[in-house]
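> everything below, folded, please.
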Amino acid sequence: MTSLGVGNYLQESVIIQAAVRIGNNSSIHIGTMVGHETTSGDSVFIAHARSISGSVQIGDGVTVETNATILPRLKIGKWATIGAGSVVIVGLSLS
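Got it, this is the predicted structure:
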């Protein structure tokens with residue numbers, strides 16, 4: 001029930017739950033959890049040890065740094081950067 005685009009790089013211990021869609025040319029590093037029904041655009045970089053809750057929309061070119069947490073049902077706009085250790089509680093729409 002998941003969909004992965006072409007050219008993606010996934011390291012070990014990445015958890016991808018049901019109905020997740022990952023775009024093309026993205027990188028997801030060790031110890032990341034991607035919650036159910038999350039969608040990710042192209043060229044997304046997700047550093048290690050992050051938690052992305054369910055039903056999150058991540059735009060093209062987004063960078064999520066180490067130990068960041070994104071709460072459920074948020075939209076992260078194109079080319080946003082989520083800093084290390086952040087907890088995102090409000091959607092970021094830059095597009």
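
> hey, what's L4 bridged with?
Going by DSSP bridges, L4 is paired in beta bridges with I22.

> distance of it from V14?
Using C-beta to C-beta, to the nearest Å, L4 is found at 11 Å from V14. From N, CA and C alone the C-beta is placed, and that goes for glycine too.

> so where's this protein uncertain?
Low-confidence regions of the chain, defined by pLDDT under 70, span residues 91-95.

> repeat that for 90
In the predicted model of the chain, residues 1, 90-95 satisfy pLDDT under 90.

> now the helices for it?
Chain-ordered helices for the chain, with DSSP state H as the definition, do not occur.

> so for stretch 8-26, what gets flagged as buried?
8, 10, 14, 16-17, 20-23, 26 (16 or more other C-beta atoms under 10 Å).

> what would those residues look like in a markdown table with distance to Q57?
Output for the buried residues of stretch 8-26, formatted as a markdown table (distance: C-beta to C-beta, whole Å):
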| residue | distance to Q57 |
| --- | --- |
| N8 | 18 |
| L10 | 20 |
| V14 | 19 |
| I16 | 16 |
| Q17 | 15 |
| V20 | 12 |
| R21 | 10 |
| I22 | 12 |
| G23 | 11 |
| S26 | 14 |
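
> between these, which sits nearest T66?
Looking at those and their distance to T66, the nearest is V14, at 14.3 Å (C-beta to C-beta).

> quick one: that closest one from G23, how far?
Computed as C-beta to C-beta, the V14 to G23 distance reads 15 Å.

> again, but for G77
14 Å.

> same question, T32
Note on T32: its distance to G23, by C-beta to C-beta, is 15 Å.

> repeat for T63
Here T63 is placed at a distance of 14 Å from G23 (C-beta to C-beta).

> next one: T81
17 Å.

> cool, and Q11?
Taking C-beta to C-beta as the measure, Q11 and G23 are separated by 17 Å.
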